[in-house]
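**Q** compute the structure for the input listed below.
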Amino acid sequence: MFKLNLKIAFRNLWKNKGFSLINIGGLAIGIASCMILLLYVAYEFGYDKQFKNYNTTYVAYTNMKANGKTFSWAWTPGLLAPELKDKYANVANAARLSYPFEQMISHNEQKLKDRAIFADPSFLKILDYKFLKGNSNGLLQNINTVILTKTLAKNLFHDENPIGKTVKLDHSEALTVEAVIDDLPENSSIKFSYIMPWKLYEKREKWIQEQGWGSNFCLTLVQLHNGSLDQLNDSLKGLYQRNQKNLTNELFLHPLSKWHLYNEFENGKLVGGKIGQLKIFLLLAICILLIACVNFMNLSTARSEKRAKEVGVRKAIGSNRKSLIGQFILESTLLTFIGTIVAFILVEISLPYFNNLLDINLVIQYQDWRYWTILLGLVLFTGLIAGSYPAFYLSSFEPIKVLKGFSIKSGSSFSIRKILVVFQFVFAACLIVCTAVIYQQLNYIKNKPIGYNKGNLIQMVVQGNLKSQKKLELLKERLLKSGAAKNVSLLSMNIDEGGNNTSDVSWLGKRTDDKILFNQRGIGYDFVETIGSEMVAGREFSIKFPSDSDKVIFNEAAIKAMGLKNPLGTIIDFGGRRAVIIGVMKDFVSESPYQKVAPMVFYSSYNNSGGVVMIRLNETNNLSNSLSQIDQIVKEINPDYPVDRRFVSDSFEEKFQDEKLLGTLSNWFGGFAIFISSLGLLGLALFMAEQRKKEISIRKVLGASTANILTLLNKDFIKLVAISNVIAFPLAYIIVNKWLSGYEYKISISFLPFLIAIGLSVLVAVLTVSLQSIKVAKANPVDALKYE
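**A** Sure, this is the predicted structure:
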C-alpha cells in the first residue's frame, strides 16, 4: 500500500509541475533558512563545551560598588587562585592566567606576532587540551618554557620536531618548547597560540608581586570536585574583606559553560547577554519554517477542486478517511524531503557568505549522527505540520457531492486560509518594523558625536625599539618632518579599549561612602590636539611644561561625579601620590558608544614605555603616500618588528558588530519570510480566482473593465494585509521597545518603521495577487460560462 501511495504521490507531483515547484521552492527556502540559523545557534551554544570538565569549571568574577552601581567583571587579584586552592576543600584546581595579548615570537628567521597567555600549571588540568607532541605531565613548571599550538608550531618549525627547540619571546627571552597542542576550537572563549608559565609573567612584570587584594589584573579559573555552586558562592562572600579590611569587593563564581552567552550583569545580578540575540534567531528559524508550512497549506488547499473528484472516486471504491490522510501526509513529506535536498544545495552555496558575515566557520557535520537525527526530525515535523490541514480538509469531502459537481462555499475552511495568510504577514510586518528600528538605532549611535575626530587617526602599537624614549622622540620628529603626520602623541592603551580602572582617588570634600571608579590613562604631549578633542578648562600636557609628572587631567564626567565647581588647581591623592588638576578634557567615547562616558583621569606618560602611538595624518597629503612614508620610517627605526598600525575608525566600527549582525540577518531572513509569505498569498489568490471565475466572467459580460476586476480581487487581500499590520504593530512595538531598553542612548520609536512595514507589505500583496488576477481578468468569459 505504501508503494502505491508513493507512486501516486510522485504522479501528482509530476502532473502539477508548477504547484510542485512553488511548494518545493517555498519549503526549500524555509528549511535552508532554518538550517543556517540553527547551525549558528548550535555553534554559539557549543562555546567552551568541548572540555571534559566544563560542567565543573567556573570563572571567578569580582563585584565592585562604585558610581552608584555595582560593576561585575572577570578580573581578579593574582592572590586569589592560591587562596582558593589552599583553603576551600571543594576546589580541585585553581589557575591564574593573563588575558590574551599579542607578542612577537621567533625561531631563527621566522618571526611571528601571535596571541599568547601566561598561566599556572593547573590551567592544563582544568582545560584538557589535546596534546600532539611532548609529555603532558609537569608542564609550565620551568620558567623559560612554552607550549605551542599546532599551527604556530608549523609556521615556526615547518616539518621539524619542535620539542626541545628554542624560540625567542620579543627577541629577548629564550624559551624551550615543551609540548604542542591541537589548534583551539573556534568556539572557545580563551583563545591563544602559545602558553607560557605564570612565573615568567612575574619575572617580566615586576609590579605583579607587589599587588594586593585590591588589584584585579588576571583571569582566575576554578574547577570544583562537586557540590552546590550556590553554597560555595555563599562561603566566598567576605573573602576579600578577610584578606584586606578596607575592601568592599565581593567574589562569585560563574559557570564557564555560560560565560559566552550569559555575560551581562546589572548591579551584580546576571541579566543575560548574547543569549538574547540567540533566542531571537531561534524564534526566527521556527517562524520562517512555520511560514513555509503555512505556504504549503494554502497552495495545497487552493487545488482542492482539482483533487476533489480524486477523493470522491477513492472513497467510492472503498478508501477510508485514514488512508486518504496518510496519502496526503506522504505527499507533503515527500515534498519536504525534496525541498530538504534543495535546501542542502542552498545552504552549501550560501554558507561561505554567512561565514564571512559572522566571521566564523559554520559547516554541516555530515559525519555526526546527531545532526542527521535532528534533520530527520525537522523533515518529519515539517511534513506533518505542512500536510496536516490539507490532509484533514481534503479527506473530509463527501463523495456524492464532489462527484455531482464540486462547489464549496466561503465557509470555515476558507476563513482558516485567511487566518494563515494573516499569520504570515503578521510575522513579516514584525520583522520589517524590527529591522528598520535596528538600522535607525545603529545609524543614530554611529552619527552621535563621540568627543574626538576618528577620521585620519591611526593608533600604532609601541613595541621593540619604540619602547625607548629616545626612539619615540626620533619617530615623532621624523613623522612630523616628513609631512605624513600632522600631530603625534602617546596613549597607554588603545583609544577605543576599556578597562584599567581605579577607585584610589581622593580629594578635599570627598565623602567616605563616595566611591567613584575612574578609567585611568597615560597620555603624551599634545594628546588632545592629536585626537581632535578639546579642553573645557585649563591646559593639556605639553613640551612647554616638562615638569608635569605630578599633574593630572580629568574629563567632564569625572568632575561632575566628584562635585568640583572649580577643579583647576585642586590637589588630589591619586594612587598614593599627590597630584594637581591642570585641566578638564571634553568627554569622549572610549568604551561602549551605547552607554554614558565613564569618569576618566589622565596622567603624563611621556617617559613611560608601552601603549600606542597616536598619529593624526596630514589631510593635505595623499593617503596611500602618507601611510607608505609612515611604514618606511617605522621600519627604519624598529626593523625587527612588523608595523602594527590601525585606523581608529576601523576599530571603532567593530563596536557595532552585534547590532550590524542582528540587522543584516533580520534583513536577509525577513526578506525570505516575505517571499515565502507572498507564495502563500499566491495560493489564496489562486483559490479565490478558481472560486470566483464564473462571477468574474459574468461581471465582464456586464461591462466590467480589467481595472474594476483587479480592484475587486485586490480589495479583500489588502484587508487581510491591513489586519495583519494592525495585529503586528503592537507586537513589534513591544519587541523593539524592550530591545531599546538595554541602551542608555537610544532613538525614540517613530512612525517611519511602521509606515515602511505597511507600505512594503501592501506592495508585495498587490503585486503577488495582481499577477494571478490579471490572468483571470483577461480570460475569455465564454470558457467559464459555456456549460451554464
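
**Q** sec struct for the nearest residue to residue 672 once chain neighbours are set aside, please.
**A** Leaving aside its sequence neighbours, residue 672 sits nearest to residue 33 (C-beta to C-beta, 6 or more residues apart in numbering; 5.0 Å). For the C-beta atoms, the positions are set from N, CA and C on the backbone; glycine is no exception. Here residue 33 is recorded as helix under DSSP: H, G, I helix; E, B strand; the rest coil.

**Q** buried sites along the strand or helix carrying residue 19?
**A** Using DSSP states H and E, residue 19 sits in helix 17-45. Neighbour-count burial for helix 17-45, counted by 16 or more other C-beta atoms under 10 Å, picks out 19-20, 22-44.

**Q** how far off centre is whatever helix or strand comes next after that helix?
**A** For helix 17-45, the succeeding helix or strand toward the C-terminus, using DSSP H and E, is strand 57-66. Strand 57-66 has its C-alpha centroid displaced from the chain centroid by 23 Å (C-alpha atoms, centre = their mean, to the nearest Å).

**Q** what about strand 57-66, average pLDDT?
**A** For strand 57-66, the mean pLDDT works out to 92.

**Q** ok, stretch 137-146 next?
**A** Mean pLDDT, stretch 137-146: 92.

**Q** and for stretch 593-603?
**A** pLDDT averaged over stretch 593-603 gives 90.

**Q** ends of it, what's the gap?
**A** End-to-end distance of stretch 593-603: 23 Å, with C-alpha to C-alpha, to the nearest Å as the criterion.

**Q** in that stretch, what's buried?
**A** Residues of stretch 593-603 classed as buried by neighbour count (16+ other C-beta under 10 Å): 593-594, 597-603.

**Q** tell me which two in these are the farthest apart.
**A** Greatest spacing in the buried residues of stretch 593-603, by C-beta to C-beta: 594 and 603 (27.7 Å).

**Q** sorry, back to before: my read is that the residue nearest to residue 672 contacts residue 669, right?
**A** Yes: when contacts are counted by C-beta atoms under 8 Å, residue 33 is listed as touching residue 669 (5.4 Å).

**Q** which neighbours do those two share?
**A** residue 288 (C-beta atoms under 8 Å, 6 or more residues apart in numbering).

**Q** tell me where the stretch 401-550 of the chain has helices.
**A** 412-447, 469-482, 527-531 (DSSP state H, counting those that start in this stretch).

**Q** for the shortest one, packing partners?
**A** Helices and strands touching helix 527-531, as assessed by 3 or more C-beta pairs under 8 Å, 6 or more residues apart in numbering; DSSP states H and E, comprise strand 485-491, strand 612-617.

**Q** report the angle between the axes of the longest one and helix 469-482?
**A** Angle, strand 485-491 to helix 469-482, by axes from the mean of the first three to the mean of the last three C-alpha atoms, to 10 degrees: 160 degrees.

**Q** from the contact counts, what lies against strand 485-491?
**A** Applying 3+ C-beta pairs under 8 Å, 6+ apart, one finds that strand 485-491 contacts helix 469-482, strand 518-523, helix 527-531, strand 612-617.

**Q** mind redoing it with 10 Å?
**A** On a contact count with 3 or more C-beta pairs under 10 Å, 6 or more residues apart in numbering; DSSP states H and E, strand 485-491 meets strand 457-461, helix 469-482, strand 518-523, helix 527-531, strand 612-617, helix 623-637.

**Q** swap in the shortest one?
**A** Contacts defined by 3+ C-beta pairs under 10 Å, 6+ apart place strand 612-617 against strand 457-461, helix 469-482, strand 485-491, helix 527-531, helix 623-637, strand 645-647, helix 648-653.

**Q** need the longest helix for this protein.
**A** Using DSSP state H to define each element, the chain has its longest helix at helix 321-358.

**Q** buried ones in it?
**A** The neighbour-count check on helix 321-358 (16+ other C-beta under 10 Å) flags 324-340, 342-344, 346-347, 351, 354, 358 as buried.

**Q** pull the distance from that helix to the chain's centre.
**A** The chain centre lies 27 Å from the centre of helix 321-358; the measure is C-alpha atoms, centre = their mean.

**Q** show me the helices in the stretch 251-400 of the chain, by range?
**A** Using DSSP H, counting those that start in this stretch, helices in the stretch 251-400 of the chain cover 275-302, 304-316, 321-358, 369-394, 399-405.

**Q** any chance of the ones you listed in JSON lines, with distance to residue 441 too?
**A** Below are the helices of the stretch 251-400 of the chain laid out as JSON lines (distance: least, C-beta to C-beta, whole Å):
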{"stretch": "helix 275-302", "distance to residue 441": "14"}
{"stretch": "helix 304-316", "distance to residue 441": "46"}
{"stretch": "helix 321-358", "distance to residue 441": "19"}
{"stretch": "helix 369-394", "distance to residue 441": "33"}
{"stretch": "helix 399-405", "distance to residue 441": "55"}
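
**Q** who touches residue 494 in this structure?
**A** Residue 494 sits next to 459, 461, 590, 611-612, 614, 646, 648, 651 when contact means C-beta atoms under 10 Å, 6 or more residues apart in numbering.

**Q** from residue 170, how far out is it?
**A** 19 Å (C-beta to C-beta, to the nearest Å).

**Q** check contacts around the residue nearest the centre of the chain.
**A** A centroid search over the chain (C-alpha atoms, centre = their mean) returns residue 658, at 4.0 Å, as the residue closest to the centre. Shown in contact with residue 658 (C-beta under 10 Å, 6+ apart): 274, 277.

**Q** run the last query once more with 6 Å
**A** Listed by C-beta atoms under 6 Å, 6 or more residues apart in numbering, residue 658 has no contact partners.

**Q** what stretches of the stretch 351-500 of the chain score poorly on pLDDT?
**A** The stretch 351-500 of the chain contains residues with pLDDT under 70 at 389-391, 393-415.

**Q** related to what we said a few turns ago, ranking the helices of the stretch 401-550 of the chain by burial, who's on top?
**A** Mean neighbours per residue, mean count of other C-beta atoms under 10 Å, is largest over these for helix 527-531, with a mean of 23.

**Q** need the residues that contact that helix.
**A** For helix 527-531, the surrounding residues in contact (C-beta under 6 Å, 6+ apart) are 452, 487, 489, 535, 540, 614, 616.

**Q** the second one contacts residue 615, doesn't it?
**A** Think residue 487. No: between residue 487 and residue 615 there is no contact under C-beta atoms under 6 Å: 7.6 Å.
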